[in-house]
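S.K.: Give the three-dimensional model of this entry:
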Amino acid sequence: SEGGLEGEGGAEPPSEDEQAAAYRQVLEAFPEGRVVVRVLDAGADKPLAFLSPAAEPNPALGVRGLRALLAHPDVLDTQLRALGRAAEGLPCYLEVMAPMVADRADARAFADACRAAGLTAKVGAMVEIPSAALRARSLLQEIEFLSLGTNDLAQYTFAADRQVGAVSRLQDPWQPALLDLVALAAEAAKAEGRSCGVCGEAAADPLLACVLTGLGVTSLSMGAAAIPYVRATLAKHTLAHCERAAAAARTADSAAAARDAARGVLAAE
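M.R.: Take a look at the predicted model:
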């Protein structure tokens, strides 16, 4: 399970008690399970009155995600303490990750905040900015896992606002340049003995799930309805087949060609 607590958009953040109660309900629903929590991701298309600047010329490139939390450390500390309280005494495996991590300094600041709050959960970073994929091994000196946010990673890789329909073709997760960045992050995680997942719905495409696996991604996120189809498709192919499909997709020059290349490799196995 992956998720975050964005609140109700009010002028004041939810209290520590309110957050702890909300998280407790989530954690109790997954006994013995792994629960990944993304800390508050506000700004740009998700403004919050108590965090977001009044006006920015380009909010998608401004103070959002972890940047906003580091500018308001009390909000971050409250959320982290609430998470720690919620997990007390429960048989679950809590992991906490930060959105919009740009470099090692960001990763270190988040890890330090988690330690200062007394949180014992596994600490990770979302790879949504190309710099994080390019320097993933550096990030992994400070945190313990990576989670690829393909929507934002595409937005920043192609300079294509995810809210603008005219550039939607550049938001296609099959774009070879995006697959290259996924591969970089996954290879870095493997070299460091860490995990690298994909969050969001990109992996709900069974064919893309095979390619992501072939790129070295270690966990896939999707809605419950997609799980049987993805599982059945992955079960048909070995890891070596998936790796060949991923390599074929990366040699293409367009999203459509990448999809066709991967399908051709897997169909021939």
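S.K.: Secondary structure element holding Leu234?
M.R.: In the assignment (DSSP states H and E), Leu234 maps to helix 227-235.
S.K.: Would you mind writing the CA trace of that helix as CSV?
M.R.: Only the C-alpha atoms of helix 227-235 are listed here, as CSV (Å, rounded to 0.1, in the frame of the first residue of the first chain):
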residue,chain,number,x,y,z
ILE,A,227,-3.2,-7.3,-10.0
PRO,A,228,-4.5,-10.5,-11.6
TYR,A,229,-3.7,-9.4,-15.1
VAL,A,230,-0.2,-8.2,-14.2
ARG,A,231,0.5,-11.4,-12.2
ALA,A,232,-0.7,-13.6,-15.0
THR,A,233,1.5,-11.8,-17.6
LEU,A,234,4.6,-11.8,-15.4
ALA,A,235,4.1,-15.5,-14.7
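S.K.: what packs against that helix?
M.R.: helix 206-215 (3 or more C-beta pairs under 8 Å, 6 or more residues apart in numbering; DSSP states H and E). (Each C-beta comes from the backbone N, C-alpha and C, glycine too.)
S.K.: I'd like the distance from Ser195 to Phe110, if you could.
M.R.: Distance, Ser195 to Phe110, using C-beta to C-beta, to the nearest Å: 17 Å.
S.K.: Tell me which of the two has more neighbours.
M.R.: Taking other C-beta atoms under 10 Å, Ser195 and Phe110 do not tie; Phe110 has more neighbours (26 against 18).
S.K.: so the more buried one touches Ala125, yeah?
M.R.: Yes - between Phe110 and Ala125 there is a contact at 6.9 Å, judged by C-beta atoms under 8 Å.
S.K.: re the thing from before, what does the helix holding Leu234 rub up against?
M.R.: 203-204, 206-207, 209-210, 213, 220, 222, 242 (C-beta atoms under 8 Å, 6 or more residues apart in numbering).
S.K.: Any idea how many residues pack against the nearest residue to Asp41 once chain neighbours are set aside?
M.R.: Closest residue in space to Asp41, ignoring its immediate chain neighbours: Pro99 at 4.1 Å, by C-beta to C-beta, 6 or more residues apart in numbering. Counted with other C-beta under 10 Å, the neighbours of Pro99 add up to 27.
S.K.: which ones are touching Pro99?
M.R.: 4, 38-39, 41, 65-66, 126, 128, 149, 152.
S.K.: Just the ones in helices from these, please.
M.R.: If you go by DSSP state H, these have 66, 152 in helices.
S.K.: Now the common contact residues for Phe110 and Ala125.
M.R.: Residues touching both Phe110 and Ala125 (C-beta under 8 Å, 6+ apart) are 98, 101, 143.
S.K.: Please flag which of those sit within strands.
M.R.: Ala98 (DSSP state E).
S.K.: In TSV: the shared contacts of Phe110 and Ala125, plus pLDDT and distance to Glu56.
M.R.: As requested, the shared contacts of Phe110 and Ala125 are arranged in TSV below (pLDDT from 0 to 100; distance: C-beta to C-beta, whole Å):
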residue	pLDDT	distance to Glu56
Ala98	98	20
Val101	98	20
Ile143	98	27
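S.K.: just the shared contacts of Phe110 and Ala125 now: which is nearest Val182?
M.R.: Val101 (15.8 Å; C-beta to C-beta).
S.K.: Might you report the residue contacts of that closest one?
M.R.: Neighbours of Val101 in contact, by C-beta under 8 Å, 6+ apart: 65-66, 107, 110, 125-129, 132, 139.
S.K.: Kindly reformat those as CSV and extend each row with pLDDT.
M.R.: Below are the contacts of Val101 laid out as CSV (pLDDT from 0 to 100):
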residue, pLDDT
Gly65, 92
Leu66, 96
Ala107, 98
Phe110, 98
Ala125, 98
Met126, 98
Val127, 98
Glu128, 97
Ile129, 98
Ala132, 98
Leu139, 98
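S.K.: For the residues you listed, which entry has the maximal number of neighbours?
M.R.: Neighbour max across the contacts of Val101 (other C-beta under 10 Å) = Val127, 33 neighbours.
S.K.: Dump the contacts of Pro99 to JSON lines, plus distance to Leu83.
M.R.: Listed next are those as JSON lines, based on distance: C-beta to C-beta, whole Å:
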{"residue": "Gly4", "distance to Leu83": "11"}
{"residue": "Arg38", "distance to Leu83": "11"}
{"residue": "Val39", "distance to Leu83": "8"}
{"residue": "Asp41", "distance to Leu83": "15"}
{"residue": "Gly65", "distance to Leu83": "17"}
{"residue": "Leu66", "distance to Leu83": "15"}
{"residue": "Met126", "distance to Leu83": "16"}
{"residue": "Glu128", "distance to Leu83": "21"}
{"residue": "Gly149", "distance to Leu83": "20"}
{"residue": "Asp152", "distance to Leu83": "22"}
